[in-house]
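S.K.: Need coordinates for the below:
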Amino acid sequence: FFASVSADRACATMPQTDTAGAPDTGPTQSPEPPDLTIYHLYKSVAEANRLYHTGHFEEMLPQLEALLERLQALPQGPSPNTDFLTAMVRNRHAAAAAKLGRHEVVLEDTAAMLQLGALQGKAYMR
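M.R.: Now for the predicted structure:
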């Protein structure tokens, strides 16, 4: 145990070099998620879910509509990540619209979910 601790301390005090041979300037930061935009959009969905569970449906609908616009404007185009995220947003939008009695909006959202092919069970349920 003591030998491994002292070896770890010795390695920690040695200057690190990168592959080019230049000394390392300090600890490296953790890598960013590969698709930072999608990561932030998922965080926005989590905020909308918080609004839903606290009963703020009127406040939540415009936020989700803006989120759908951001999803459509992504430069990489449709992908499995964006399709599933779009279906999640549509599902929560439909749920809030149903709570407010906006049944036409629910039908639009569920039709879009079925077209995306994600969360089909929830789309049929609504």
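S.K.: Report the next helix or strand after the helix ranked longest in the chain in sequence order.
M.R.: Longest helix in the chain by number of residues, with DSSP state H as the criterion: helix 80-99. Counting by DSSP states H and E, the element after helix 80-99 in chain order, helix or strand, is helix 103-116.
S.K.: List the buried residues in that following helix.
M.R.: Within helix 103-116, the residues that count as buried by 16 or more other C-beta atoms under 10 Å are 105-106, 109-110, 112-113, 116. For glycine as for every other residue, the C-beta is placed from the backbone atoms N, C-alpha and C.
S.K.: hmm, who's touching that helix?
M.R.: 83-84, 86-87, 90-91, 93-94, 97-98, 119-120, 122-124, 126 (C-beta atoms under 8 Å, 6 or more residues apart in numbering).
S.K.: Let me know the closest of those to residue 62.
M.R.: residue 93 (10.3 Å; C-beta to C-beta).
S.K.: what's the closest non-adjacent residue to that closest one?
M.R.: Spatial nearest neighbour of residue 93, excluding adjacent residues (C-beta to C-beta, 6 or more residues apart in numbering): residue 64 at 4.5 Å.
S.K.: Now do the one you found: how many residues are near it, please.
M.R.: 24 (other C-beta atoms under 10 Å).
S.K.: ok, back up a step: rebuild the buried residues of helix 103-116 as a markdown table, extending it with pLDDT and distance to residue 41.
M.R.: Shown next, in a markdown table, are those (pLDDT from 0 to 100; distance: C-beta to C-beta, whole Å):
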| residue | pLDDT | distance to residue 41 |
| --- | --- | --- |
| 105 | 94 | 21 |
| 106 | 93 | 22 |
| 109 | 92 | 17 |
| 110 | 92 | 21 |
| 112 | 91 | 17 |
| 113 | 88 | 17 |
| 116 | 85 | 15 |
